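J.: Following is a predicted model, sequence given first.
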Amino acid sequence: MTNSEAVLRRRDARVHPPEREDPEARYTGPGAGADVEWVPVAELDLSHSPRSAGENGEHIRVLAESQADLPPIIVQRGTNRVVDGVHRVRAARLRGEPAVRARWFDGDDASAFVLAVRLNVRHGLPLSLADRKAAGTRILCEQEDWSNRAIASAVGLSPKTIAALREALGRPGGRARIGRDGRVRPVSTAAGRERAKEMLLREPASSLRAVSAVAGVSTGTVRDVRDQLARESRAVIPAQRRAAPAPGAEPPRERSAPSAQAAPPGHGSPPGHHAPPGQQGGLDRSTALLRSLRTDPSLRFNQSGRLLLSILAVAAIDPQAQDGLVLDLPDHCLDFVVELAQASVQAWQGLAVRVSQRRSAPPARKQPTVNRKP
């Protein structure tokens with residue numbers, strides 16, 4: 001596995017963690033009775049019920065008069081707090097039973113409350129609407145990074161109701177929330193789409209997964225942004241073309257990169273980028289030219305153009321970055337770097353001469369570029 005693949009996997013694990021186990025499965029699934037123990041009734045804490053009105057006396061009497069064995073209750077380990085089964089404990093006391101069957105829950109108070117609400121919503125005596133709203137409000141305060149759907153699923157309310165409670169509390173949460181499946185997703189994809197667009201403009205050859213990991217959006221969103229850029233390029237190119245020449249007329253010049261790339265310093269400006277008069281003096285020309293080339297569809301959407309943009313981006317190093325490279329360079333590498341840098345200068349000068357010659361050549365002498373497959 002390469003280093004880049006390892007980085008992507010670590011980012012994937014952070015942005016898209018594995019789906020978490022159903023919190024109720026351990027207590028309601030087929031193997032729920034495997035870890036049942038007998039717990040003395042006198043040692044149980046019954047003071048943390050999600051029911052604001054307390055226990056229902058009629059329901060307790062019905063359970064006490066039943067001849068069937070009561071299902072195991074759930075108790076928080078360390079505190080002996082009854083998470084689920086308060087009515088069953090009361091019924092056991094009426095029966096005169098000294099102990100009840102129980103399963104242990106390992107978790108903090110906030111997690112114990114969520115489990116209590118989940119189980120009371122789905123079985124036994126249902127929670128009232130007021131109790132479910134109160135539970136949703138408490139979970140919003142304790143689990144602010146949960147999504148509306150995740151909280152709604154826990155308390156038995158609609159996501160719209162949870163959204164209204166969140167707005168009333170004034171707790172919008174962060175930029176990302178944890179969903180019902182345990183995955184972290186952004187609240188709004190607008191910022192993520194913008195980051196993905198910038199990455200695709202800067203590095204068009206980047207994979208969907210790489211852009212997704214950095215921008216914090218799904219690969220489907222990245223694909224949609226890429227398709228949108230492609231549609232924009234197809235809409236721009238026909239508008240830039242001229243009408244076909246009449247028979248016998250001189251063929252038009254082939255469209256090349258913006259002419260500002262070979263203009264002498266201090267003359268002209270990048271196509272489509274006109275800086276305000278007060279900012280022209282402070283605008284870094286190399287940065288402006290590179291930005292102009294990056295937005296040109298004729299370069300971004302072909303292999304040779306993307307290669308050129310990548311090389312130009314590496315060459316356009318700002319002075320601060322150069323200082324950092326020089327200071328961090330090991331002593332035994334100095335001679336090699338100097339020789340390679342000088343060779344690069346000669347190579348760039350040769351490229352500049354060839355591009356300048358092509359710019360000044362008559363249209364008939366220019367040969368179309370053919371992308372040959374290896």
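T.: Done, it's in.
J.: show me where the stretch 201-350 of the chain has helices.
T.: For the stretch 201-350 of the chain, helices defined by DSSP state H, counting those that start in this stretch occupy the ranges 208-215, 219-240, 285-294, 297-300, 303-315, 319-328, 334-360.
J.: Can you add distance to residue 45 and mean pLDDT and give the ones you listed back as TSV?
T.: Where you see a C-beta, it was placed from the backbone N, CA and C, and this is true even at glycine. Output for the helices of the stretch 201-350 of the chain, formatted as TSV (distance: least, CB to CB, whole Å; pLDDT from 0 to 100):
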stretch	distance to residue 45	mean pLDDT
helix 208-215	46	84
helix 219-240	47	76
helix 285-294	64	76
helix 297-300	65	76
helix 303-315	64	78
helix 319-328	60	77
helix 334-360	70	85
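J.: how about these, which one is nearest residue 111?
T.: helix 208-215 (29.2 Å; CB to CB).
J.: Can you list the neighbours in contact with stretch 88-106?
T.: Outside of stretch 88-106, the residues that reach it under the criterion CB atoms under 8 Å, 6 or more residues apart in numbering are 26-27, 32, 35-42, 44, 46, 55, 60-61, 63-64, 66, 69-77, 82-83, 85, 112, 115.
J.: How about stretch 110-117?
T.: For stretch 110-117, the surrounding residues in contact (CB under 8 Å, 6+ apart) are 23-24, 27, 48-50, 74, 76, 81, 83-84, 105, 107, 127, 132, 135, 138-139, 142-143, 154-155.
J.: Okay, now the unreliable bits of the chain?
T.: Across the chain, the ranges flagged by pLDDT under 70 are 1-34, 173-175, 186, 188, 234-284, 315-318, 362-374.
J.: hang on, the earlier thing: and the helices of the stretch 201-350 of the chain: which comes nearest residue 160?
T.: helix 219-240 (24.0 Å).
J.: just to revisit the earlier point, adding distance to residue 160 and mean neighbour count as columns, could you present the helices of the stretch 201-350 of the chain in TSV?
T.: TSV is the format used below for those (distance: least, CB to CB, whole Å; neighbours: other CB atoms under 10 Å):
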stretch	distance to residue 160	mean neighbour count
helix 208-215	29	20
helix 219-240	24	14
helix 285-294	43	17
helix 297-300	42	19
helix 303-315	45	14
helix 319-328	50	9
helix 334-360	60	11
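J.: The ones you listed into CSV, with extra columns for distance to residue 183?
T.: Shown next, in CSV, are the helices of the stretch 201-350 of the chain (distance: least, CB to CB, whole Å):
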stretch, distance to residue 183
helix 208-215, 13
helix 219-240, 13
helix 285-294, 33
helix 297-300, 32
helix 303-315, 32
helix 319-328, 36
helix 334-360, 45
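J.: Go through the ones you listed and name the closest to residue 120.
T.: Using CB to CB as the measure, helix 219-240 is the one of the helices of the stretch 201-350 of the chain that comes nearest residue 120, at 37.3 Å.
J.: Mark which of the contacts of stretch 110-117 are part of strands, please.
T.: 74, 76, 81, 83-84, 105 (DSSP state E).
J.: most neighbours, which of those?
T.: Comparing those by number of neighbours (other CB atoms under 10 Å), residue 83 comes first, having 29 neighbours.
J.: check contacts around residue 148.
T.: Contacts of residue 148 (CB under 8 Å, 6+ apart): 159-160, 162-163, 166, 177.
J.: so of those, which ones are in strands?
T.: Cross-referencing the contacts of residue 148 with the strands (criterion: DSSP E) gives residue 177 as the overlap.
J.: and of the contacts of residue 148, the nearest to residue 184?
T.: For these, the closest approach to residue 184 (CB to CB) belongs to residue 177, at 7.3 Å.
J.: Now that closest one. Nearest residue, chain neighbours left out?
T.: Distances taken as CB to CB, 6 or more residues apart in numbering place residue 147 nearest to residue 177, at 4.1 Å, with adjacent residues excluded.
J.: I'd guessed the one you found sits against residue 185; true?
T.: Yes - distance between residue 147 and residue 185: 7.3 Å, which falls inside the contact criterion (CB atoms under 8 Å).
J.: of these two, who's got more company?
T.: Summary of the neighbour comparison: residue 147 and residue 185, criterion other CB under 10 Å, with residue 147 having more neighbours (23 against 17).
J.: Quick check: the gap between the more buried one and residue 140.
T.: Here the distance between residue 147 and residue 140 works out to 11 Å (CB to CB, to the nearest Å).
J.: phi, psi of the most centrally placed residue in the chain?
T.: Central residue of the chain (CA atoms, centre = their mean): residue 216, 2.4 Å from the mean position. The main-chain torsion angles of residue 216 are listed as degrees, to the nearest 10 and equal phi 80, psi 30.
J.: correct me, but it touches residue 195?
T.: Yes - counting by CB under 8 Å, a contact exists between residue 216 and residue 195, whose distance comes to 7.2 Å.
J.: Buried ones among the contacts of stretch 88-106?
T.: The neighbour-count criterion (16 or more other CB atoms under 10 Å) marks 26-27, 32, 39, 44, 46, 55, 60, 63-64, 70-76, 82-83, 85, 112, 115 among those as buried.
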